[in-house]
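> my questions are about this predicted structure, shown below with the sequence.
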Amino acid sequence: MQLVAVYHLTLHTFGSWPADHRRGYTVRGEGYQAPDAEEQRRREQNLSQPLVKLDEIMQRILVVGTYDVCERRGWRLHGTGNDPSHFHAAIGWKEYIHWQDVRDKLKNVLSLLLGRWTGIEGRT
C-alpha cells in the first residue's frame, strides 16, 4: 500500500478575512489573534488595492485551473469548493513535496489565470 498525502488548502481573496471577525484572525509567523476592531480600521485605511470578490466565472476558472495543475503534476484533485471570498481544494500526492510548495504553486498558477481573465496583473 502506498501512502498519499492529502491536504485541504484554503485560499482567501484579498481583504476577505477581517481582523475583527468573531473567530479572530491570523498573522503570519505569529498565529491566531483575538478579534481586533482597531486593527481592522487600520487595515481598511491602508488598503493597497480593492477587495476581491470571485464571480461565477472566476470560481469556475479556479476549479478548472486547479484540475489542470494537478493533472500536469501527477497530483490527485479530490474535490473543490468556493464562494465569492475563498476557494477550497483537497489535493493529494504520492512523492515528498512540502505542502507549502503545493500551495504556492497552486496560488501562482491560479493568480496568473485570473489575471489573464480579468486583464488585471499584479494583484494579491
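Perfect, thanks for sending it.
> how many other residues sit next to the nearest residue to H86 once chain neighbours are set aside?
Of all residues not flanking H86 in the chain, H12 sits nearest, at 4.5 Å (CB to CB, 6 or more residues apart in numbering). Glycine gets a C-beta too; all of them are placed from N, C-alpha and C. Applying other CB atoms under 10 Å, we find 11 other residues in the vicinity of H12.
> the strands in this protein, which residues?
5-12, 25-27, 31-33, 76-83, 86-93 (DSSP state E).
> list the buried ones in stretch 106-116?
Using 16 or more other CB atoms under 10 Å as the test for burial, stretch 106-116 gives 106, 110-111, 113-114.
> list just the nearest of the residues you listed to V52.
L114 (8.7 Å; CB to CB).
> how about residues contacting the worst-scoring helix or strand of the chain on mean pLDDT?
None of the helices or strands of the chain scores lower by mean pLDDT, DSSP states H and E than strand 25-27, at a mean of 89. The contact list for strand 25-27, computed with CB atoms under 8 Å, 6 or more residues apart in numbering, reads 17-19, 32-33, 35-36, 39.
> let me see the contact set for L9.
Applying CB under 8 Å, 6+ apart, the residues contacting L9 are 88-91, 99, 102-103, 106.
> how about a cut-off of 10 Å?
Listed by CB atoms under 10 Å, 6 or more residues apart in numbering, the contact partners of L9 are 66, 80, 87-91, 99-100, 102-103, 106-107.
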